[in-house]
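Enquirer: Show me the folded form of this:
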Amino acid sequence: MISSGLALALVVVAFALLVGGVVGSLVPQVPGALLSLGGVLLYWYATGEPGTLLLAGLVLVAVLTWVVDLVGGAVAARVGGASNLTAVIAGLVGLVLFFLTGPLGIILGVTATVFLVEFRRQQDARKGAKAALVTTVGMLATGVVQALLTGSILVTMVVVALL
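Expert: Numbers count the residues shown, from 1 in each chain. Here you go, the predicted model:
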């Protein structure tokens, strides 16, 4: 059993992680979903709340958010008409740029990669531009979806804490 002082400290850290998860969902270099998941699990460890069913639901939402983060750009590339190979190459470029540049560099790098690979593949600038545009919009939209999901986790945990 943990002392009340330690439990309070863990709850404060848990909520810091939950808020960090929302912020991180909008910043490509921060794993928002994993921060939210950590916050939920730390709060549960410290307090025993939420109950099993709600805990499972929150874990599921956090994992879904993480999956959206991982595959959102590739799915958007495919929707825009890019080939599977283009989506894989763009994903790898995004992964490398994750470690080298900020959010703008990731977006510009992936957009340019999709355009160049699709232009070379199809010999059509219009199709390459369409695939690049849809990919960019999709990447930005996944950030919004992640913010909504991590925000819902935060709001749920605030309600749990207040009840």
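
Enquirer: Which other helices and strands does the longest helix along the chain contact?
Expert: Across the chain, the longest stretch assigned as helix under DSSP state H is helix 125-162. Under the contact criterion of 3 or more C-beta pairs under 8 Å, 6 or more residues apart in numbering; DSSP states H and E, helix 125-162 touches helix 4-26, helix 32-47, helix 52-79, helix 103-122. All C-beta atoms are positioned from the backbone trio N, CA, C, and that covers glycine.

Enquirer: Between these, which one is closest to Val155.
Expert: Nearest to Val155 among those is helix 4-26 (9.5 Å), distances taken as C-beta to C-beta.

Enquirer: picking that back up, just the helices and strands packed on helix 125-162: most buried one?
Expert: Neighbour counts (mean count of other C-beta atoms under 10 Å) averaged over each of the helices and strands packed on helix 125-162 peak at helix 32-47, with a mean of 22.

Enquirer: which residues are contacting that one?
Expert: Outside helix 32-47, the residues that touch it by C-beta atoms under 8 Å, 6 or more residues apart in numbering are 2, 6-7, 10-11, 13-18, 20-26, 49-50, 55, 58-59, 62-63, 65-66, 68-69, 146-147, 149-150, 153-154, 157, 160-161.

Enquirer: at 6 Å instead, please
Expert: With C-beta atoms under 6 Å, 6 or more residues apart in numbering as the test, helix 32-47 has contacts from 7, 10-11, 14, 17-18, 20-21, 24-25, 55, 58, 62, 65-66, 69, 146, 150, 153.

Enquirer: what do you get for stretch 118-131?
Expert: 80-82, 86, 114-115.

Enquirer: Where does the prediction get shaky in the chain?
Expert: For the chain, the stretches flagged by pLDDT under 70 are 1, 28-29.
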